[in-house]
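Visitor: here is my input; please provide its structure:
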Amino acid sequence: MDPILFSIDWPQLSEALAALIILSVVVERSLTLLLENKHVVAILDDRDFKEVPALILSISICYQIDFDVLAIMLQSARSDDFEFIVTAAVIAGGYKASIKLFPNFIGLKSARIDPLIKT
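Guide: Got it, this is the predicted structure:
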């Protein structure tokens, strides 16, 4: 890409970033339903297992809906696997951040997540 021709379409990028944040919340809330189940909690004990399902779910969502923030930002006509995985990793990372955000800022509480906040 020629650096002189590089420009960012800010309205389109802001919509993509909003979708990224919403997807992160959707992933976090949907995994909470599964990972806070008392049977799953008993099996997992206190192992940090949540990041792996968050990344897997995020990758499948990005592939399924063909969502690639890097391609949107760079106005690329094509997406490759690496860009999908980077976008999915941002969504999954947002999942981890939302674990801290929901209880501390918004005030949502969870018995399973409370010990994680203190670490």
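Visitor: which helix or strand lies directly C-terminal to the longest helix anywhere in the chain?
Guide: As assigned by DSSP state H, the longest helix anywhere in the chain is helix 10-35. Downstream of helix 10-35, the next assigned helix or strand under DSSP states H and E is helix 38-44.
Visitor: send me that following helix as CSV with only the CA atoms.
Guide: Provided in CSV are the C-alpha atoms of helix 38-44 (Å, rounded to 0.1, in the frame of the first residue of the first chain):
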residue,chain,number,x,y,z
LYS,A,38,-22.1,-25.0,39.0
HIS,A,39,-21.2,-28.3,37.3
VAL,A,40,-18.6,-26.7,35.1
VAL,A,41,-17.2,-24.7,38.0
ALA,A,42,-16.8,-27.9,40.0
ILE,A,43,-14.9,-29.6,37.1
LEU,A,44,-12.7,-26.6,36.3
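Visitor: what's the offset of that helix from the middle of its chain?
Guide: Here the centre of helix 38-44 is set off from its chain's centre by 23 Å, with Cα atoms, centre = their mean, to the nearest Å.
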